[in-house]
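Asker: quick one: sequence and predicted model below, then my questions.
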Amino acid sequence: MAFVQGLVAGAALATLWAAASHILKPRRSRRELQQLLARKADLEKRAYDNAITLLGNLTIAWGMLENYLDQVNEVIFLNGGSPGFRTMPVQLERRLEFLRSGTRHNPWLRPSEAEVRELSAIIAELAVKRNHIIHGIVDVTALHGETIVFTKNIYTGDGLLENDLSVSHDELLSFIRSVIKANNRITDLFNAINLALFHHRQRDLN
(Lines give C-alpha, C1' and ligand atoms only; values in the text may rest on other atoms or scores of the structure.)
Protein backbone atom coordinates (compact mmCIF):
# COMPACT_ATOMS: atom_id res chain seq x y z
CA MET A 1 0.00 0.00 0.00
CA ALA A 2 2.81 2.36 0.92
CA PHE A 3 4.47 1.50 -2.36
CA VAL A 4 1.34 2.50 -4.34
CA GLN A 5 0.96 5.72 -2.37
CA GLY A 6 4.59 6.51 -3.12
CA LEU A 7 3.98 6.02 -6.83
CA VAL A 8 0.92 8.30 -6.75
CA ALA A 9 2.80 10.98 -4.81
CA GLY A 10 5.72 10.72 -7.23
CA ALA A 11 3.42 11.08 -10.22
CA ALA A 12 1.72 14.09 -8.68
CA LEU A 13 5.08 15.70 -7.97
CA ALA A 14 6.23 15.07 -11.52
CA THR A 15 3.03 16.64 -12.88
CA LEU A 16 3.49 19.73 -10.71
CA TRP A 17 7.11 20.04 -11.78
CA ALA A 18 6.19 19.75 -15.45
CA ALA A 19 3.49 22.43 -15.05
CA ALA A 20 5.89 24.71 -13.20
CA SER A 21 8.57 24.17 -15.83
CA HIS A 22 6.07 25.03 -18.58
CA ILE A 23 5.15 28.27 -16.82
CA LEU A 24 8.70 29.27 -16.08
CA LYS A 25 10.10 28.33 -19.48
CA PRO A 26 9.73 31.08 -22.14
CA ARG A 27 7.33 29.99 -24.87
CA ARG A 28 9.55 31.49 -27.59
CA SER A 29 13.13 32.60 -27.52
CA ARG A 30 14.09 36.15 -28.39
CA ARG A 31 15.54 34.92 -31.66
CA GLU A 32 12.29 33.16 -32.55
CA LEU A 33 10.29 36.32 -31.80
CA GLN A 34 12.64 38.39 -33.95
CA GLN A 35 12.22 35.91 -36.79
CA LEU A 36 8.43 36.04 -36.44
CA LEU A 37 8.42 39.84 -36.46
CA ALA A 38 10.72 39.89 -39.49
CA ARG A 39 8.43 37.44 -41.31
CA LYS A 40 5.37 39.51 -40.42
CA ALA A 41 7.08 42.66 -41.73
CA ASP A 42 8.05 40.83 -44.94
CA LEU A 43 4.48 39.61 -45.48
CA GLU A 44 3.12 43.12 -44.89
CA LYS A 45 5.59 44.58 -47.40
CA ARG A 46 4.63 41.96 -49.98
CA ALA A 47 0.95 42.72 -49.43
CA TYR A 48 1.64 46.45 -49.79
CA ASP A 49 3.67 45.97 -52.98
CA ASN A 50 0.98 43.68 -54.40
CA ALA A 51 -1.77 46.21 -53.61
CA ILE A 52 0.15 49.06 -55.26
CA THR A 53 0.87 46.89 -58.31
CA LEU A 54 -2.80 45.95 -58.66
CA LEU A 55 -3.90 49.58 -58.43
CA GLY A 56 -1.30 50.53 -61.04
CA ASN A 57 -2.50 47.78 -63.37
CA LEU A 58 -6.09 48.93 -62.96
CA THR A 59 -5.12 52.51 -63.83
CA ILE A 60 -3.27 51.37 -66.97
CA ALA A 61 -6.04 49.01 -68.11
CA TRP A 62 -8.75 51.62 -67.63
CA GLY A 63 -6.72 54.28 -69.42
CA MET A 64 -6.38 51.99 -72.44
CA LEU A 65 -10.12 51.29 -72.40
CA GLU A 66 -11.04 54.98 -72.42
CA ASN A 67 -8.45 55.67 -75.12
CA TYR A 68 -10.00 53.12 -77.47
CA LEU A 69 -13.48 54.41 -76.65
CA ASP A 70 -12.37 57.86 -77.77
CA GLN A 71 -10.87 56.45 -80.96
CA VAL A 72 -14.12 54.66 -81.80
CA ASN A 73 -16.08 57.85 -81.14
CA GLU A 74 -13.69 59.86 -83.31
CA VAL A 75 -14.36 57.56 -86.28
CA ILE A 76 -18.10 58.08 -85.77
CA PHE A 77 -17.72 61.83 -85.22
CA LEU A 78 -15.82 62.28 -88.49
CA ASN A 79 -18.06 60.00 -90.53
CA GLY A 80 -21.69 60.82 -89.89
CA GLY A 81 -21.60 62.00 -86.29
CA SER A 82 -24.05 61.36 -83.50
CA PRO A 83 -27.40 63.20 -83.14
CA GLY A 84 -27.37 65.89 -80.46
CA PHE A 85 -23.58 66.15 -80.30
CA ARG A 86 -21.70 68.99 -81.95
CA THR A 87 -18.43 68.06 -80.31
CA MET A 88 -16.98 64.88 -78.88
CA PRO A 89 -18.04 64.54 -75.23
CA VAL A 90 -15.61 64.25 -72.33
CA GLN A 91 -17.64 62.72 -69.50
CA LEU A 92 -17.76 58.91 -69.67
CA GLU A 93 -21.54 58.66 -69.46
CA ARG A 94 -21.91 61.12 -72.37
CA ARG A 95 -19.23 59.32 -74.36
CA LEU A 96 -21.15 56.07 -74.08
CA GLU A 97 -24.35 57.89 -75.06
CA PHE A 98 -22.52 59.35 -78.08
CA LEU A 99 -21.41 55.84 -79.09
CA ARG A 100 -24.91 54.34 -78.83
CA SER A 101 -26.59 57.26 -80.60
CA GLY A 102 -24.00 57.35 -83.38
CA THR A 103 -24.34 53.63 -84.00
CA ARG A 104 -28.12 53.93 -84.34
CA HIS A 105 -27.84 57.01 -86.55
CA ASN A 106 -25.40 55.69 -89.16
CA PRO A 107 -26.71 52.78 -91.31
CA TRP A 108 -23.19 51.47 -91.96
CA LEU A 109 -22.78 50.95 -88.19
CA ARG A 110 -25.99 48.95 -87.69
CA PRO A 111 -24.19 45.55 -87.65
CA SER A 112 -22.36 46.70 -84.50
CA GLU A 113 -25.42 48.08 -82.72
CA ALA A 114 -26.05 45.04 -80.47
CA GLU A 115 -22.40 44.84 -79.45
CA VAL A 116 -22.35 48.57 -78.70
CA ARG A 117 -25.42 48.30 -76.44
CA GLU A 118 -24.00 45.36 -74.50
CA LEU A 119 -20.48 46.77 -74.24
CA SER A 120 -21.75 50.20 -73.15
CA ALA A 121 -23.71 48.59 -70.31
CA ILE A 122 -20.64 46.62 -69.21
CA ILE A 123 -18.38 49.69 -69.23
CA ALA A 124 -20.95 51.76 -67.32
CA GLU A 125 -21.19 49.05 -64.65
CA LEU A 126 -17.41 48.71 -64.37
CA ALA A 127 -17.08 52.50 -64.11
CA VAL A 128 -19.07 52.61 -60.85
CA LYS A 129 -16.60 50.36 -59.02
CA ARG A 130 -13.60 51.87 -60.78
CA ASN A 131 -14.62 55.38 -59.72
CA HIS A 132 -14.98 54.28 -56.10
CA ILE A 133 -11.49 52.76 -56.19
CA ILE A 134 -9.69 55.51 -58.11
CA HIS A 135 -11.47 58.51 -56.56
CA GLY A 136 -11.82 57.07 -53.08
CA ILE A 137 -9.47 57.57 -50.16
CA VAL A 138 -7.31 54.51 -49.53
CA ASP A 139 -6.91 53.27 -45.98
CA VAL A 140 -3.10 53.18 -46.01
CA THR A 141 -2.91 50.85 -43.02
CA ALA A 142 -5.08 48.32 -44.85
CA LEU A 143 -2.63 48.22 -47.76
CA HIS A 144 -0.45 45.96 -45.63
CA GLY A 145 -3.20 43.34 -45.38
CA GLU A 146 -5.15 41.17 -47.78
CA THR A 147 -8.09 43.58 -48.04
CA ILE A 148 -8.00 47.18 -49.27
CA VAL A 149 -10.58 49.69 -48.02
CA PHE A 150 -11.61 52.65 -50.19
CA THR A 151 -13.72 55.45 -48.73
CA LYS A 152 -15.62 57.69 -51.15
CA ASN A 153 -17.86 60.65 -50.39
CA ILE A 154 -21.39 60.23 -51.72
CA TYR A 155 -23.38 63.42 -52.26
CA THR A 156 -26.85 63.36 -50.71
CA GLY A 157 -29.50 65.98 -50.07
CA ASP A 158 -28.24 66.37 -46.51
CA GLY A 159 -24.55 66.68 -47.42
CA LEU A 160 -21.76 64.16 -47.75
CA LEU A 161 -22.04 60.53 -46.79
CA GLU A 162 -18.94 58.35 -46.48
CA ASN A 163 -19.25 55.03 -48.27
CA ASP A 164 -16.68 52.27 -47.72
CA LEU A 165 -15.75 49.62 -50.27
CA SER A 166 -13.65 46.67 -49.10
CA VAL A 167 -11.87 44.75 -51.85
CA SER A 168 -9.57 41.77 -51.40
CA HIS A 169 -6.51 41.38 -53.62
CA ASP A 170 -8.20 38.49 -55.45
CA GLU A 171 -11.35 40.55 -56.04
CA LEU A 172 -9.30 43.46 -57.34
CA LEU A 173 -7.40 41.14 -59.68
CA SER A 174 -10.71 39.71 -60.94
CA PHE A 175 -12.01 43.24 -61.51
CA ILE A 176 -8.88 44.16 -63.50
CA ARG A 177 -9.43 41.09 -65.68
CA SER A 178 -13.00 42.25 -66.35
CA VAL A 179 -11.67 45.66 -67.42
CA ILE A 180 -9.13 43.98 -69.72
CA LYS A 181 -11.91 41.85 -71.29
CA ALA A 182 -13.93 45.02 -71.96
CA ASN A 183 -10.75 46.57 -73.35
CA ASN A 184 -10.34 43.66 -75.76
CA ARG A 185 -13.95 43.96 -76.88
CA ILE A 186 -13.74 47.68 -77.57
CA THR A 187 -10.51 47.08 -79.49
CA ASP A 188 -12.39 44.54 -81.62
CA LEU A 189 -15.20 47.09 -82.01
CA PHE A 190 -12.71 49.70 -83.19
CA ASN A 191 -11.40 47.30 -85.84
CA ALA A 192 -14.93 46.30 -86.90
CA ILE A 193 -16.04 49.92 -87.25
CA ASN A 194 -13.01 50.82 -89.34
CA LEU A 195 -13.66 47.83 -91.59
CA ALA A 196 -17.32 48.82 -91.90
CA LEU A 197 -16.24 52.37 -92.78
CA PHE A 198 -13.92 51.03 -95.47
CA HIS A 199 -16.71 49.01 -97.10
CA HIS A 200 -19.08 51.98 -96.77
CA ARG A 201 -16.67 54.23 -98.63
CA GLN A 202 -16.08 51.55 -101.28
CA ARG A 203 -19.82 51.41 -101.96
CA ASP A 204 -19.93 55.20 -102.27
CA LEU A 205 -17.12 55.11 -104.82
CA ASN A 206 -18.94 52.52 -106.88
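Answerer: Yep, it's here. None of these values were measured; they are calculated from a predicted model.
Asker: how many other residues sit next to Asn191?
Answerer: 11 (other Cβ atoms under 10 Å). Every C-beta, even on glycine, is put in place using the N, C-alpha and C of the backbone.
Asker: from Thr59, how far out is the one residue sitting closest to the centre of the chain?
Answerer: Nearest to the geometric centre of the chain sits Leu172, at 3.4 Å (Cα atoms, centre = their mean). Shown here: Leu172 relative to Thr59, a distance of 12 Å by Cβ to Cβ, to the nearest Å.
Asker: same check on Leu109?
Answerer: Taken as Cβ to Cβ, the span from Leu109 to Thr59 is 30 Å.
Asker: quick one, which of those two is more surrounded?
Answerer: When Leu109 and Thr59 are compared on other Cβ under 10 Å, the one with more neighbours turns out to be Leu109, at 22 against 14.
Asker: report pLDDT for the residue nearest to the centre of the chain.
Answerer: The model reports Leu172 with a pLDDT of 92.
Asker: where are the low-confidence patches of the chain?
Answerer: Counting by pLDDT under 70, the ranges of the chain that qualify are 1-28, 32, 34-38, 40-43, 140-144, 157, 159-161, 206.
Asker: where do the helices sit along it?
Answerer: Assigned by DSSP state H, the helices in the chain fall at 2-24, 30-78, 92-105, 113-135, 169-205.
Asker: quick one: which of those helices is nearest Phe150?
Answerer: Proximity to Phe150 (Cβ to Cβ) singles out helix 113-135 among the helices of the chain, at 5.4 Å.
Asker: and that closest one, how far out from the chain middle?
Answerer: Helix 113-135 sits 13 Å away from the centroid of its parent chain (Cα atoms, centre = their mean, to the nearest Å).
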